[in-house]
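>>> based on what follows, work out the 3D shape:
(chains A, B, C and D)
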Protein chains: 2
Amino acid sequence: MARASLHLSESEGSAWSGFLRAHALVTRRLDADLRADAGLALSEFEILLHLTSAGGERRMALIARDLVLTGGGVTRIVARLEKLGLIERRSCPKDGRGVFAALTSRGRAKHLAAQKVHLEGVRRLFLAHASEAELKTLGRVFRSMTDATEHEGACALNPRASARPGRNHAG
Amino acid sequence: MARASLHLSESEGSAWSGFLRAHALVTRRLDADLRADAGLALSEFEILLHLTSAGGERRMALIARDLVLTGGGVTRIVARLEKLGLIERRSCPKDGRGVFAALTSRGRAKHLAAQKVHLEGVRRLFLAHASEAELKTLGRVFRSMTDATEHEGACALNPRASARPGRNHAG
DNA sequence: TTTCGATTGTTGACTCGTCAAGCATATGCG
DNA sequence: CGCATATGCTTGACGAGTCAACAATCGAAA
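Okay, the predicted model is just below:
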């Protein structure tokens, strides 16, 4: 383990800082477009989209896991969407603790309208900058990162799991 | 322009959602590690790092541009770092409006200590998941995105520029 | 020089999501 | 069953950064 160099190579550095900058710029712009043209924040739209691709309803905790939010965060976003009439809460008959977030018909319509803006933005800001082969590379690399990071001991989504017994430092 | 499909292909979808998930998971974990092991938030560390690689001092506005923050945001992060004794403000002799954020010696020391944690995290959470060739691809793709998005009319960092005369919708 | 528009940085008000405490329910074990 | 522990969701308090308004300064043109 002699490779504890104190700085990154050029390709490492530009991949990492590009990652941060691209995320900030792209999501910022996409959020602005969505707000202007559809009246919805990106985080709100993401939940409508998630519910749509899940068939219309989903448990709060699963939304949190999939969108990398805390439980409290989902409660609050869903509350906003509920106030807009786009979502309703349903209690889960199988589990008295559980709550479903479910699209209303207005919610479906809103998703459809916003989806146009969203897709246009994702294509223009993100997809347009990579070839098909490059997209596959991105997908593969991101998948590896998320799989590894998700299972890396106690994560922020899992605060009550064992108190970080070890983050397997490379030593 | 008949390709206004209402959904993404599998490779498009997993690249995009992977991008969002990877960013959320990786930065969250890195921020937690940095706080636990160095007592610094990721955003704070990023400014120390930026100042270091800029030779020790930098104008507020340039920090904001490079790190994709608003001016107000930089003011607040720098204020925190100043309170910690890691940074000091210097007025710019050439421009009475300007303010430099400058590393103190304690700031340099703190950067050095935190840099170990930061590098270990970036390597483990991000770099380890891509080959050299893949890193080059990421760098190239992200660069294209940021170049395009930065110059795409009024961005959030440039609120007083012409009021979004057109976002060149594909029409 | 005066004047007007652009730029720089700061600040109060606000939004968004996290954190942690709390309550309700579920599940496993004696 | 009765108790301990784990999970699901909500909520008050808070942290972090944006937004918009503002004051100060710069620069250029009349």
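>>> gap between the residue positioned nearest the centre of chain A and A:Phe45?
By CA atoms, centre = their mean, chain A has its centre lying nearest to A:Leu67, at 3.6 Å. Per CB to CB, to the nearest Å, A:Leu67 is found 11 Å from A:Phe45. (Each C-beta comes from the backbone N, C-alpha and C, glycine too.)
>>> for A:Ala54, what are phi and psi?
Main-chain torsions, A:Ala54, degrees, to the nearest 10: phi -100, psi 10.
>>> right, I mislabeled it, should have said A:Ala102
phi -130, psi 130.
>>> quick check: it touching A:Gly56?
Yes - contact criterion CB atoms under 8 Å: A:Ala102 and A:Gly56 qualify, at 6.1 Å.
>>> and the strands in chain A?
Ranges of strands in chain A, per DSSP state E, are A:57-59, A:87-91, A:99-103.
>>> just checking: what are the partner strands of the first one?
Each strand that pairs with strand A:57-59, with its direction, by DSSP bridges: strand A:99-103 (antiparallel).
>>> can you tell if the strand it pairs with touches DNA strand D?
Yes - counting by CB under 7 Å from any atom of the strand, DNA strand D is contacted by strand A:99-103 at A:Val99.
>>> quick one: average pLDDT of that strand?
The pLDDT scores in strand A:99-103 average 98.
>>> just the buried residues of that strand, please?
Using 16 or more other CB atoms under 10 Å in any protein chain shown as the test for burial, strand A:99-103 gives A:99-101, A:103.
>>> any idea how far A:Leu103 is from A:Leu51?
Distance, A:Leu51 to A:Leu103, by CB to CB: 5 Å.
>>> need the residues touching each of these two.
Listed as contacting both A:Leu51 and A:Leu103 by CB atoms under 8 Å, 6 or more residues apart in numbering or on different chains are A:57, A:87, A:111.
>>> chain center to the longest helix along chain A: distance?
For chain A, the helix with the greatest residue count under DSSP state H is helix A:10-38. Taking the mean of its C-alpha atoms, helix A:10-38 sits 14 Å from the chain's own mean (CA atoms, centre = their mean, to the nearest Å).
>>> helices of chain A, start to end?
A:10-38, A:42-53, A:60-67, A:71-83, A:105-125, A:132-150.
>>> out of the ones you listed, flag the one nearest B:Leu119.
Between B:Leu119 and the helices of chain A, the tightest spacing by CB to CB is seen for helix A:10-38, at 9.7 Å.
>>> what's near enough to touch A:Ser144?
A:Ser144 is in contact with B:129-130, counting by CB under 8 Å, 6+ apart.
>>> A:Ser105: neighbouring residues, count only.
Other residues near A:Ser105 come to 9 when the count uses other CB atoms under 10 Å in any protein chain shown.
>>> where's it relative to B:Phe126, distance?
Counting by CB to CB, the separation of A:Ser105 from B:Phe126 is 42 Å.
>>> so how far is B:Lys116 from A:Leu8?
From A:Leu8 to B:Lys116 the distance is 13 Å (CB to CB).
>>> tell me which residues in stretch A:107-123 are buried?
Buried residues in stretch A:107-123, counted by 16+ other CB under 10 Å: A:107, A:110-111, A:114-115, A:117-123.
>>> what comes into contact with it?
Stretch A:107-123 has contacts (CB under 8 Å, 6+ apart) with A:29-30, A:33-34, A:37-38, A:40, A:45, A:48-49, A:51-52, A:56, A:81, A:84-87, A:103, B:4-8, B:16, B:169-170.
>>> which residue, other than its chain neighbours, is closest to A:Ala148?
B:His129 (6.7 Å; CB to CB, 6 or more residues apart in numbering or on different chains).
>>> next one: A:Ser5
Leaving aside its sequence neighbours, A:Ser5 sits nearest to B:Leu119 (CB to CB, 6+ apart; 7.9 Å).
>>> cool, and A:Ala114?
Nearest residue to A:Ala114 in three dimensions, chain neighbours excluded: A:Ala38, at 3.9 Å (CB to CB, 6+ apart).
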